[in-house]
Structure formats: structure tokens, C-alpha cells
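>>> The following block contains a protein sequence and its predicted model.
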Number of protein chains: 2
Amino acid sequence: MIASLIFGSIFGVAAGFVVGKEGPMVHTGSCIANLLGQGASGVAAAFRAPVGGVLFALEEVASWWRSALLWRVFFTTAVVAVVLRSLIEFCQSGKCGLFGQGGLIMFDVNSATPRYSTTDLLVIILLGILGGAFGSLYNYFVDKVLRTYSIINERGPGSKILLVASISLLTSCCFYGLPWFARCIPCPVGLEEDCPTIGRSGNYKSFQCPPGHYNDLASLLLNTNDDVIRNLLSSGDEEFHLSTLLVCFVAVYCLGIITYGIAIPSGLFIPVILAGASYGRLIGTLLGSFLDLDAGLFALLGAASFLGGTMRMTVSICVILLELTNNLLMLPLIMLVLLISKTVADCFNKGVYDQIVKMKGLPYMEAHPEPYMKHLAASDVVSGPLITFSGVEKVGNIIHALKLTKHNGFPVIDEPPFSDAAELSGSGKGLKLEDLDIKEEEMESYVDLHPITNTSPYTVVETMSLAKAAVLFRELGLRHLCVVPKTPGRPPVVGILTRHDFVPEHILGLYPHINRHK
Amino acid sequence: MIASLIFGSIFGVAAGFVVGKEGPMVHTGSCIANLLGQGASGVAAAFRAPVGGVLFALEEVASWWRSALLWRVFFTTAVVAVVLRSLIEFCQSGKCGLFGQGGLIMFDVNSATPRYSTTDLLVIILLGILGGAFGSLYNYFVDKVLRTYSIINERGPGSKILLVASISLLTSCCFYGLPWFARCIPCPVGLEEDCPTIGRSGNYKSFQCPPGHYNDLASLLLNTNDDVIRNLLSSGDEEFHLSTLLVCFVAVYCLGIITYGIAIPSGLFIPVILAGASYGRLIGTLLGSFLDLDAGLFALLGAASFLGGTMRMTVSICVILLELTNNLLMLPLIMLVLLISKTVADCFNKGVYDQIVKMKGLPYMEAHPEPYMKHLAASDVVSGPLITFSGVEKVGNIIHALKLTKHNGFPVIDEPPFSDAAELSGSGKGLKLEDLDIKEEEMESYVDLHPITNTSPYTVVETMSLAKAAVLFRELGLRHLCVVPKTPGRPPVVGILTRHDFVPEHILGLYPHINRHK
């Protein structure tokens, strides 16, 4: 999985390069196209789900979307799909170790026809509700754990390594220790597969068991992630004991929470799918005697409910699960479970990616402005003092302003009677201020800023509600927004709004008595 | 197909109602959500492709997109999927005629494993290029034919009926006459199906043939659309003669072009899939001896190439084809063909839906502003004279203005020194001017407009390039955009831009010497 994720990223970068290059796009656009291309092709390669990758990028990553992006991201994942298919073909003879197993569809393991009664439907609805609750609980704990880890990680490389080592040790103890308590099960007769398993990868691990027997917990814990998912999704009600599934669920759920955020490249997708599948299979096996639907299909629905409860995506999870399992007939049920679990989880907290973005302090703007923003005007949040330049400005002043501030956009205002208001916007990349070698006499000279000013920037009037200004800022993907006065006769720019000015923490810091939810 | 399309629309409206109702959305938003919901659920029901329906709505219908819409449209199609599945279950015993045939996956008819060599790949690339060319040619002819028909249809109901009657007669003559020229083929041995076919629906029509023989052209022409597609996609290289496929392709291609636009509810999707599948199968059978890939899979790729060439969508066609055929392993090839055919066809003309929207004179705004808009300022296209109201205005003046113009937004400007600029915007729905009964003395009275004005409308400065103003207008989904002066001391609104002012025909009418492509 990790190998193919790396593959994905490499292709993502390569293909993102092609994607980002085309035509006269603005800086923001090509940057987003690049990022989307990388994200999409990463998912496309890791899960062998090219269309799901496109949708994942659109649903989760993009805060700003254009139909042209869809076409470019699709191109990126098409490249990934074709390359991946060739590599899988090449690797099928076992030249590349475990990479390439399972063909283009990774988990095409359950061919049971989904037939279900009303009882099944009720159980599935319950599964969705519980899955949503577990998912939001997962998010809650991940958030708490991440906050603790960030304190530990800040203490230096020593603490980081110690943390990783202790989590690894704990994981090893759990995964190696727990199977000792499981009972040995006699191998089923008439299997195509070897039982017990020979070699690293397989479904019937012998562990401590005598010949002709297997340890079902070892099959779930001491196995590659891919094989565990395959085991859980495969058909048949008898393969795993209830206690085994319960132990597996609890172990994977808890370890997943405490592993994310330590200094190794671990993900969220696979642990969530694993926990969800064992939860679903647990429910399916528990109520097996009342149900028509196969336990393996319940595992799939459980994975969907957990993904819906943590990630809060709908269309892309649907397509990714479809591309992973090739079980199109399950689509209506998967859609149902996703809707339920997302709705339930949304009552408690936000999606896990939103949480992480917020915790890292990135100024992410929500799709909808917060309710209280309607009661504030744009001028209420601009942070002063406003630094402006004249059309022809002294070099020393510019250097001073750049040293004083962290942003790169300043209003350029010609002398009174204020005939011209404009915005000077640097690219913010490339040259650093420290790299410039400016002599003392140069500091006293003047530079004409007119050629590099934007003479018709997007503006809002100071009395516009902050909510409306936020919509403008976000939909147009701006970096600076000039606030202009309502009445004439004053300087033509009241202030500049940047992304940070729209962040709830900043606003609530300025107006602590505001009601957040109204 | 039509029955399920009607079903789809009904559910679409019902579900769209749920979708459009939620929360404090603006008028435009709920309207779009409704439309998207209907479009998506129509596709979802007609093709039994719920996820494809969501994507179709997003890729083709939406000119303005928010992530909240995705979730709502997904809900709509989930309802459709669940209802549809129950209906199919209910209908499987033959209670509903031909509706419900084929289960949830309509064309799951080809289980051949897609294996292909380099030769296949070259042929597939050629197929994509030719398919793109045929697709854009289809669009060209559809456009010409629609223009002719709109002249005929305007002459009155008599002409409309005559047109429909003659096209029906021509179609009947073709579909009934052509099979007489086809040779009879002996039935293959060892079939599960009846040969020749008994009843309406089946793959081996006997037509004029002796017992134990079938007429392959009749199987393609005298059959339901669903069965024809099933026949074309099914595996096996020997079922149809080359000449049969050629005749079928030419007939379906030409009849498809002349049928769209007459006064019956005919579509574009199915004729294009039919023509594309027969074209693909023709190529597959023609070069069959050099190829590894099955002729039925070539038919699928041919359908993809035609869809890409006419509709110019990528992700949604991909998912719809996947949901129609359940052949996930074909995904990389379908993506490849779609990319090629779309790219080729884009060199010649626009997508068929874009053409139709443009021909109907709807003011559709492109995702990208036209290149020449960069060289025009916002004030260059505002059409005068500007009608403004005072804050407290005489009723007679308002009635006069509403009679004179077709739009419902006017700037409201308080008396000099121009302390206030605002935009009055009616909802444009509900009451009509003629329905109002206003007496003569009321015309002379005054009304205070302040309570119904928007005091901080989105504005652009008159010198802003038209391209930038167009981006603002489109991304925010506006109906009116105020243009304000650059220099103080003039009236605070220079003009108002509406959707019509951004339409290329309007701009090129004002500036005929402008270079369209520069």
C-alpha cells in the first residue's frame, strides 16, 4: 500500500506538472491544479481507483472549483490508471514482491448476490447510525491525541523517536500477543487455498496451532493490511469467531487513533476501513441467523459507515468502494449507509480532515460563512494600521514595510485628490528579503510602482456584511481584498482583508461576546 | 427507457423538492439545487446509474458549484436508487412489461476479460480519434438540422405534426425495409437463448428467415433500444456480419441526427450510444483477426468515443458506462478513449448541449471569459440609458421604469452629495405588472424604497477588465452587478451589468471589429 502510495505521489507530481502547465492560468489556479492532480493520483494509485481519486480531490481538497479542473484531474488519473495497469501486468509474475497483488480491482473477493429483507434493511440502518457515532468518536479522539502528540513532538527529535518506538512496541505486543488467547479452528474442507497458509501472505495463519488448524485472530492481526481487508470482505459466515472480530475491532480502532500523528507516514484511510470492516462483520456475524445478507457484505457496509462517519465524504467514498470491490449491486445500500452515518456524525463534530486543517492553524475558509458574520461589517475586522504606498515610493519605505509585515499586498494610492486606488501584490515566492543586497544610497532612491500595480482590484464597500465579503473572497480564490469607504472624501482604501481576517478565531478574538451560532 | 425517464423526472421533482427546501438559501441556490436534483435523478433512473447521475449534473448542468450541492444531489439520487431497486424487484415477475429488465445493471452482458496487446492499443487510439471526428460531425449536423426544424416548427402545429409524421415514416421504412436485404444466418448451436427469438424482446429475430435461421440486421433494427445495445456489447466475433454493422451504423447515425428536434421527447444519449456501439463493433469485427480484445468490448469503447465526441464529458460518462456495464477492468481503456475523442472533437466545435443552449439564445456564461474580454473595460458594455430611482420615489416613475425595461434591478441613489449608492432588486417572480390595479391618484404618491434596497451590493470599478467582471459575476451567481466610477464627484453608479451584457453576441454587436480569438 505504501509502495503504491509513493508510486502514486511520484506520478502525481509528474502528471501534476503536465496539468499545471497549460495555458495562461493564474498562479492560484495552477497551484490548485497541481495539488489536486497529486491528491487525485495518489488515491488513484494507492487504491487503484482512478475515478474515485478524481472525486476525492474534488470533494475533499478543493475549496475552489472550476469545470476545467475536472478535465485536468481526470487526465492525471487516466495516466496513473494506464501506468498502473502496465506495472501490475509486469509484476504479476512475482517480480515485485507483494506489489501488484489482486489485479486492478484490489478487493474483488465477494461474489455473493446481495439479497436482503426488511430485517436486513433495519439492521443496515442501525449499522449506519452506530457507524456514524463511532466515526465521530474516532475524530474526537484523533483530535485529542494529535494535540497531545504535537506537544510531545515539539520537544525535539529525541521525544519524537521515543514516541514512535513506544507506539511500535505497543502495536507489536498487541498484534503478536493477542492471537495467543485465540482458539485454534480446524481448516474448512474443500478449499482452493492452502490451509494453513504458506508464506507471508494468506488467509489462514497457523501461528501456534497444530497442523490442519488455523488461528483466526492471527489471520486478522498478523497479516498485510490488504489481506486483512480481503479476509473481512470475503463471503461466508463461519470463518471468524465473534470474539475474534470484537478483539480485532477494538485493537484496530484504538491503535488507529494513537498511531496517527506520530512521526511516521501512517494514514487514516486504511485504519478506518479496517476498523469499519471488522465492526460490520461483527454485526453481520452476531445477527447472522436473522439476516439474508452475507457477512462479508456487512463488512463492506461497516467500512462505508466508518468512512462516512470520519471523512464525511459521499460520492467519492461510494466510487472508491465500488472501484475497490467491483460490487455494483451493493451501490444502493452503500449510498444509504453513507448518508445515514454522515448525517449522524455531523451532529457531533466535523470531518477528520477539517479538524486537522483547523488544528494546524491553516486559514481554511468554510464553504458557508459562519452565521455571526452576517452581523459584522467588512470594516469591523480589518486589522490596522494600514500601510500604503505612493505611486512613486522611496525604496527604504518599501523595505521597511516588507520587514514589518508578513503579507505581500499593499494598496498603492496616488497623491490627493486620491485620483487612483490600486493594489500592489507581490507573488510571495522566489526571492527572499534577506537575499536582496540593497545599498544605503539605494534606500534613498525612488521606484515607480505603477507598472506592477493591479489598477482594478476586486473591492467591497466597508458596510458590506462580512458574510458577503467572505463569499466573494472564497469563490474568487483571492489573496487580498480591498475595503473601500462608503462616503467620498476619505482615502480610497479603508483596509485590506486577507484569509486570516476571515478565520473564526481572529474574529472571535476581536469580538469575544459574539454568539457563535447565531 | 422513456418510462423510466418519466419515473426519474417525477422522483426528481419530488426529491428536488426536499433538496431545495432546506435552510436559508438564496433564490438562485435553491433553484439550481432543484434543477440539479432533477437532472441527476433523471439520469439515475433512466440508466440506473445513481453516481453517474450526480456527476452528470455537476459536469454538464452546473455553471456554479458548491460542495453543499454535491451532498444534496447525492441524497436525491440515493432516493432514486433505493426506489428503483424496489420497483425492479417488484417488476421482475413480469408485472410491468419491459420495465425492469436487466436488473440494476442494465448491460452486464460481457464477462470477457479485457486482455490487449500493443496492436489493440493502436487500434483503440485510432478508434478514439475517429470517434471524436464522427462525434463532432454529429454535433455539426444536429446544429444545422435543429436550425432548419425551428423554422419549420414555427409555422404552427400542422407543420410540426407533418414533420413528425414524415420522420416516423422514414424511420419505419428504414428499419423495416433494410432487413429484407440481409442474408439469413443459421442459428449457432449450444445457445441458452431461444433462436430464433420468441416474442418482442430477444437477440435472434427470425424476420423473413426459414426456421433455424435468424436475420442479424433485424436483430439490430427491429428491437428495443436496450436489447440492441445488449446485442452489440455481448461477446463473440461471429454474431453480426460486417455489412450488417455498417448498415446499422449509417442508419442509426443519420436517423439520430434528423430525429432530434422534432416534436417528440427523443433524446441524444441512446442514439449516440447506439451509433457508437455499432461503430465500435464494426471496427472490432473488421480487424478482429489482428486483435485480442473482444468485439463486444470494442463496441463499448466505440460508444465511449461517440459520447466523448458529442457530449464532451469525461468523469460522468466514465462512471455511467461503468454503472451500465459493470466492467471495471475496462476503466483504463475507457478513460483513454474518452480523453482522445474529447480532445479531437474539441478542435472542431463545442459540445452538443452547449450548442443547443447557445441556439436557444439562453445567456449561458462560459466558465472562462472569452479572450477579447481582457481588452474591454466593464463600462464599455453597459447599455444605457441608466434608470435610477431616488430613495423616496414617485410610484408613477417606478411603474414607468418597469414598463420600459425587462429587468428588475435598479440603482437607488439618494440625493446629492451622493451619500448612498444601493441596488433595488425585485425577485422577478410572482406578481405581474398587469395584475396590479393602481389608481391615478396613487401614481402621484411617493414610496420609500430604503427597506427593500440592498445597501452593499457587489460592485466593480468601471476600469476593471470585462474578463475580471465576468469571473466575479459567474462565480458568485449574480443577477445584477453595479459598475461604479473610478473618480469621485460623479454619480455613484455608472451602470448595471446583467447576464445578457456578457454574452458574446451582445459584445460583438457593440464592437464588430474586435478579434474574437485574441
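That came through fine. The structure presented is a predicted model; accordingly, all values stated were derived computationally and were not measured.
>>> Kindly export the host helix or strand of residue A:276 (C-alpha atoms) in PDB.
Here residue A:276, judged by DSSP states H and E, is contained in helix A:269-286. C-alpha atoms of helix A:269-286 as PDB (Å, rounded to 0.1, in the frame of the first residue of the first chain):
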ATOM      1  CA  PHE A 269      -8.000   5.600   5.200                       C
ATOM      2  CA  ILE A 270      -6.700   2.100   5.800                       C
ATOM      3  CA  PRO A 271      -7.100   2.000   9.600                       C
ATOM      4  CA  VAL A 272     -10.700   3.400   9.200                       C
ATOM      5  CA  ILE A 273     -11.500   0.800   6.600                       C
ATOM      6  CA  LEU A 274     -10.100  -2.000   8.700                       C
ATOM      7  CA  ALA A 275     -11.900  -0.900  11.900                       C
ATOM      8  CA  GLY A 276     -15.100  -0.400   9.900                       C
ATOM      9  CA  ALA A 277     -14.900  -3.700   8.100                       C
ATOM     10  CA  SER A 278     -14.300  -5.700  11.400                       C
ATOM     11  CA  TYR A 279     -17.200  -3.700  13.000                       C
ATOM     12  CA  GLY A 280     -19.500  -4.500  10.100                       C
ATOM     13  CA  ARG A 281     -18.500  -8.200  10.000                       C
ATOM     14  CA  LEU A 282     -19.000  -8.300  13.800                       C
ATOM     15  CA  ILE A 283     -22.600  -7.100  13.400                       C
ATOM     16  CA  GLY A 284     -23.200  -9.400  10.400                       C
ATOM     17  CA  THR A 285     -21.900 -12.400  12.300                       C
ATOM     18  CA  LEU A 286     -23.700 -11.500  15.500                       C
END
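>>> report the angle between the axes of the helix or strand just after it and helix A:269-286?
Moving toward the C-terminus from helix A:269-286, the next helix or strand (DSSP H and E) is helix A:295-311. Helix A:295-311 runs at 140 degrees relative to helix A:269-286, counting by axes from the mean of the first three to the mean of the last three C-alpha atoms, to 10 degrees.
>>> Run through the neighbouring helices and strands of the helix or strand just after helix A:295-311.
For helix A:295-311, the following helix or strand on the C-terminal side (DSSP H and E) is helix A:315-325. Contacts defined by 3 or more C-beta pairs under 8 Å, 6 or more residues apart in numbering or on different chains; DSSP states H and E place helix A:315-325 against helix A:50-56, helix A:295-311, helix A:331-346, helix B:50-56, helix B:67-91. Just so you know, the C-beta spots here come from the backbone N, C-alpha and C atoms, and that holds for glycine as well.
>>> Just put those in TSV and tack on distance to residue A:455.
Formatted as TSV, these follow (distance: least, C-beta to C-beta, whole Å):
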stretch	distance to residue A:455
helix A:50-56	38
helix A:295-311	44
helix A:331-346	44
helix B:50-56	40
helix B:67-91	34
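>>> What ranges does the stretch 301-450 of chain A have for its strands?
A:392-394, A:409-413, A:421-425, A:446-448 (DSSP state E, counting those that start in this stretch).
>>> Run me through the strand neighbours of the first one, direction for each.
Strand A:392-394 sits in its sheet next to strand A:446-448 (antiparallel), going by DSSP bridges.
>>> and the next helix or strand after the strand it pairs with, which strands flank it?
Following strand A:446-448 in sequence order, the next helix or strand is strand A:453-454 (DSSP H and E). Here strand A:453-454 has these sheet partners by DSSP bridges: strand A:421-425 (antiparallel).
>>> And the pLDDT for the residue nearest to residue A:84 when sequence neighbours are not counted?
Using C-beta to C-beta, 6 or more residues apart in numbering or on different chains and skipping residues adjacent in sequence, the residue nearest residue A:84 is residue A:45, 5.8 Å away. With respect to pLDDT, residue A:45 has a value of 70.
>>> same deal with residue A:247?
Value for residue A:247, per-residue pLDDT: 94.
>>> Count the residues that sit near it.
20 (other C-beta atoms under 10 Å in any protein chain shown).
>>> My understanding was that it contacts residue A:179; is that so?
No. Applying C-beta atoms under 8 Å, one finds residue A:247 not in contact with residue A:179, separated by 9.2 Å.
>>> between these two, what contacts are shared?
residue A:217 (C-beta atoms under 8 Å, 6 or more residues apart in numbering or on different chains).
>>> re the thing from before, among the strands of the stretch 301-450 of chain A, which gets the worst mean confidence?
strand A:421-425 (a mean of 55).
>>> ok, which residues in the stretch 301-450 of chain A are in contact with chain B?
A:314-315, A:318-319, A:322-323, A:326, A:328-329, A:331-332, A:335-336, A:339, A:342, A:367-368, A:417-420 (C-beta under 8 Å from any C-beta of the partner chain).
>>> Give me the buried subset of those.
A:314-315, A:318-319, A:322-323, A:326, A:328-329, A:331-332, A:335-336, A:339, A:342, A:418, A:420 (16 or more other C-beta atoms under 10 Å in any protein chain shown).
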